[in-house]
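*Asks:* Next comes the sequence, and after it the predicted model I'd like to discuss.
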Amino acid sequence: MREFTTGFVIFPNLTQLDFTGPLQVLHRLPGARTEIVAKTRVPVPSGCGMAIVPTTTFAECPPLDLLCIPGGFGVDQAIEDEATIAFVREQGAGAQYVTSVCTGAFILGAAGLLQHTRATTHWAYHHLLPRVGAIPVRERVVRDGRTFTGGGVTAGIDFAFTVLHEIAGASVAQAVQLALEYDPQPPFQAGTPALAPAEIKGAVDQRFAPRLRAFDSILERVAPQLQATG
């Protein structure tokens, strides 16, 4: 019997915490193997400048039991990259768990893996989920069958514990939580649009506005392939 294999798909300009947060949790899955997958073995630059070294390539990657897609500004290019989408589509078809963090949901969507599926993503992009066939749900972690999606960035840690609990049970998940001393106590209550002061929310909305317009244009361009997979 082959070992359970978790695979994280990485691409240039991803948000490193979307990837490293879940990685830190899920690589502790007992008896599992973890792969970091990219088009080549060349180190992949993240959005904060940190380079991530792949362990395998699309061509060499074994069948994955758990497929995880992080997000980040690099999603803009990834959802129009034929090799990336083909790999995600192929691996997602056979995986036991199909998952994403933050805007990685749009890569799953572009691969046709979110059709009529309840999902979440970063709050600023949440309203765009129907454009990739998903049913938007405003929760930090959303499960729909074999599909697990996490909200923005730090939600990836809660997402990973939810998946770990599903696979390995509460005792394992709680032991990992204790080992990592995961006991979040943020200094400000401003981590969601509902909690943030109005002036802070307004400023962040202004910062996201150009990005959202550009991303909407990209979704328009990939619309034909989404219709084909639907």
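*Replies:* Cool, got the structure.
*Asks:* P45 - that's part of a strand, no?
*Replies:* Yes. Per DSSP: H, G, I helix; E, B strand; the rest coil, P45 lies within a strand segment.
*Asks:* wait, what's in contact with F8?
*Replies:* Contact analysis of F8 by Cβ atoms under 8 Å, 6 or more residues apart in numbering lists 19, 22-23, 34-37, 68-70. For the C-beta atoms, the positions are set from N, CA and C on the backbone; glycine is no exception.
*Asks:* Against T56, how distant is the residue sitting furthest away from the middle of the chain?
*Replies:* In the chain, the residue that sits farthest from the middle, by Cα atoms, centre = their mean, is E199; the gap is 28.8 Å. The gap separating E199 from T56 is 46 Å, by Cβ to Cβ, to the nearest Å.
*Asks:* Kindly list the longest helix within this protein.
*Replies:* The longest helix of the chain (DSSP state H) is helix 198-229.
*Asks:* buried residues in that helix?
*Replies:* Using 16 or more other Cβ atoms under 10 Å as the burial criterion, the residues of helix 198-229 that qualify are 201, 215, 218-219, 222, 225-226, 229.
*Asks:* Can you pull the poorly scored residue ranges out of the chain?
*Replies:* 1, 227-230 (pLDDT under 70).
*Asks:* rewinding a little: let me know the closest of the contacts of F8 to T99.
*Replies:* C68 (4.7 Å; Cβ to Cβ).
*Asks:* Bridged to that closest one, which residues?
*Replies:* Beta-bridge pairing for C68 (DSSP bridges): F8, T99.
*Asks:* Contacts only, for it.
*Replies:* 6-9, 22, 26, 99-101, 104.
*Asks:* Tell me the spacing between D183 and G47.
*Replies:* Distance from D183 to G47, counting by Cβ to Cβ: 27 Å.
*Asks:* Which of those two has more residues huddled nearby?
*Replies:* Using other Cβ atoms under 10 Å as the criterion, D183 and G47 rank with G47 on top: 16 against 7.
*Asks:* pretty sure that one is touching L14, no?
*Replies:* Yes. Using Cβ atoms under 8 Å, G47 is in contact with L14, at 6.5 Å.
*Asks:* hey, what's in contact with both of those two?
*Replies:* Joint contacts of G47 and L14 (Cβ under 8 Å, 6+ apart) are 72, 74.
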